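*Asks:* Only the shape, not the letters, is given here:
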């Protein structure tokens with residue numbers, strides 16, 4: 001993958017830095033609604049604060065799937081000014097949820113830090129990620145977003161808007177958009193400056209706002225970037241010591257959900273690539289997390305950090321995942 005820092009903002013590694021990617025369960029757990037967000041985010045903030053207490057500097061990234069869905073559903077069904085719904089494009093929806101969830105995280109993390117006698121230094125950066133117009137994902141939209149439609153509704157919306165739709169396994173149809181790989185982080189200089197000033201930085205929310213470079217300006221595009229790939233890119237550009245991906249399962253498993261599923265406590269880069277090639281880590285679940293981890297470990301090794309690692313584990317086990325006592329650790333080899 002091409003690493004690009006388009007504005008030249010990041011030049012040196014920040015000591016003791018972890019990039020911590022929070023999964024959707026940091027806000028909404030399975031079977032819950034959006035009204036559960038504050039309870040969940042305060043539990044996630046406590047895990048983050050414990051890592052700060054141990055001396056780590058942190059960039060916190062997060063997903064935004066349910067929230068983007070809520071924004072898009074409201075935009076196209078709620079009453080409002082003429083043309084308001086159409087004005088909320090995918091890039092705008094991602095930016096809106098970065099502010100929404102960033103506010104919740106920076107308040108909750110700040111409260112947790114103060115409770116531990118630490119200074120309240122938390123800031124959210126609305127983050128744009130540079131993607132390529134030539135990315136093959138733009139020719140094959142595949143990421144479902146927004147509300148469910150009947151077949152007739154989907155056909156009518158496709159005619160009126162040019163959107164692509166696909167049948168959802170749960171029933172009905174959903175809009176699908178491209179999911180290109182991130183190639184650069186526009187606000188990297190701001191993220192680094194805040195880290196050096198001692199802030200916990202919330203950045204790259206929802207994978208970042210996808211933008212392309214025009215002749216003179218940047219332009220948002222109708223796409224969604226995977227937050228684990230963006231987290232990996234941020235970790236590589238900053239020279240982080242580790243990439244920690246926290247989700248709702250304690251390990252990466254082989255044959256997940258089947259009788260005899262097997263947890264993988266340690267995974268070398270070569271083993272991970274083999275499993276990905278064999279299709280044993282599906283793209284719809286654990287595949288992108290493992291691939292993001294592999295890209296991070298390989299790039300950091302090329303930069304001279306052969307001890308750098310990535311780890312995938314459960315949010316509740318964050319400290320033990322960092323310590324290597326729980327979770328799947330991805331290492332060079």
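*Replies:* Cool, the structure landed. Keep in mind it's a predicted model, so treat the numbers as computed, not measured.
*Asks:* what kind of secondary structure is residue 123 in?
*Replies:* strand (DSSP: H, G, I helix; E, B strand; the rest coil).
*Asks:* how close does it get to residue 313?
*Replies:* Distance from residue 123 to residue 313, counting by Cβ to Cβ, to the nearest Å: 26 Å. Every C-beta, even on glycine, is put in place using the N, C-alpha and C of the backbone.
*Asks:* Counting neighbours, go ahead and name the busier of those two.
*Replies:* residue 313 (23 against 17; other Cβ atoms under 10 Å).
*Asks:* Could you say which helix or strand holds that one?
*Replies:* Remark: residue 313 resides in strand 309-314, with elements defined by DSSP states H and E.
*Asks:* Can you give me the buried ones in that strand?
*Replies:* 309-314 (16 or more other Cβ atoms under 10 Å).
*Asks:* Check stretch 255-266 too.
*Replies:* 256, 264.
*Asks:* tell me the mean pLDDT over the helix ranked longest in the chain?
*Replies:* Using DSSP state H, we find that the single longest helix of the chain is helix 90-115. Regarding helix 90-115, the rounded mean pLDDT is 96.
*Asks:* Can you give the domain ranges for the chain?
*Replies:* 15-130+182-331, 142-177 (the TED database).
*Asks:* list the buried ones in the last one?
*Replies:* It refers to domain 142-177. 143-149, 154, 157, 163, 165, 173-177.
*Asks:* likewise stretch 276-288?
*Replies:* So for stretch 276-288, counting by 16+ other Cβ under 10 Å, buried means 276, 281, 286-288.
*Asks:* In helices only, show me the residues you listed.
*Replies:* In this view, those that belong to helices under DSSP H are 276, 287-288.
*Asks:* For residue 177, see how far away the residue lying closest to residue 224 once chain neighbours are set aside is.
*Replies:* Spatially, and ignoring its direct neighbours in sequence, residue 224 is nearest to residue 143 (4.8 Å; Cβ to Cβ, 6 or more residues apart in numbering). Distance, residue 143 to residue 177, by Cβ to Cβ: 5 Å.
*Asks:* one step back: right, and the helix or strand after the strand holding residue 313?
*Replies:* Downstream of strand 309-314 (by DSSP H and E), the next one is helix 318-323.
*Asks:* Please enumerate residues in contact with that next one?
*Replies:* For helix 318-323, the surrounding residues in contact (Cβ atoms under 8 Å, 6 or more residues apart in numbering) are 18, 20, 47-48, 50-51, 54, 56, 242, 244, 246, 311-314, 326-327.
*Asks:* Filter those down to the buried ones.
*Replies:* 18, 20, 47-48, 51, 56, 242, 244, 246, 311-314, 326-327.
*Asks:* Buried residues, stretch 232-250. List them.
*Replies:* Buried, per 16+ other Cβ under 10 Å, within stretch 232-250: 232-247, 249-250.
*Asks:* I'd like to know which of the residues you listed are part of strands.
*Replies:* Among the buried residues of stretch 232-250, the members found in strands (DSSP state E) are 242-247.
*Asks:* Nearest to residue 42 among those residues?
*Replies:* residue 246 (15.2 Å; Cβ to Cβ).
*Asks:* Now do that closest one against residue 258, distance only.
*Replies:* In terms of Cβ to Cβ, residue 246 sits 24 Å off from residue 258.
*Asks:* swap in residue 23?
*Replies:* 22 Å.
*Asks:* what mean pLDDT does stretch 64-80 have?
*Replies:* 79.
*Asks:* swap that for stretch 121-140, sorry
*Replies:* So the average pLDDT for stretch 121-140 ends up being 96.
*Asks:* centre of the chain versus that stretch, how much separation?
*Replies:* 11 Å (Cα atoms, centre = their mean, to the nearest Å).
*Asks:* Helices of the stretch 1-150 of the chain, residue ranges please.
*Replies:* 37-53, 65-75, 84-87, 90-115 (DSSP state H, counting those that start in this stretch).
*Asks:* Which strands and helices lie in contact with the second one?
*Replies:* Looking back up the chat, that one is helix 65-75. helix 90-115, strand 143-149 (3 or more Cβ pairs under 8 Å, 6 or more residues apart in numbering; DSSP states H and E).
*Asks:* make it 10 Å
*Replies:* helix 84-87, helix 90-115, strand 143-149 (3 or more Cβ pairs under 10 Å, 6 or more residues apart in numbering; DSSP states H and E).
*Asks:* quick one, whatever helix or strand comes next after the last one and strand 143-149 angle?
*Replies:* In the C-terminal direction, the helix or strand that comes right after strand 143-149 (DSSP H and E) is helix 151-161. Taking axes from the mean of the first three to the mean of the last three Cα atoms, to 10 degrees, helix 151-161 and strand 143-149 form an angle of 120 degrees between their directions.
*Asks:* Can you tell me what sits against helix 151-161?
*Replies:* Residues outside helix 151-161 that contact it (Cβ atoms under 10 Å, 6 or more residues apart in numbering) are 76, 86, 147-150, 163-167, 172-175, 222.
*Asks:* Thanks a lot, catch you later.
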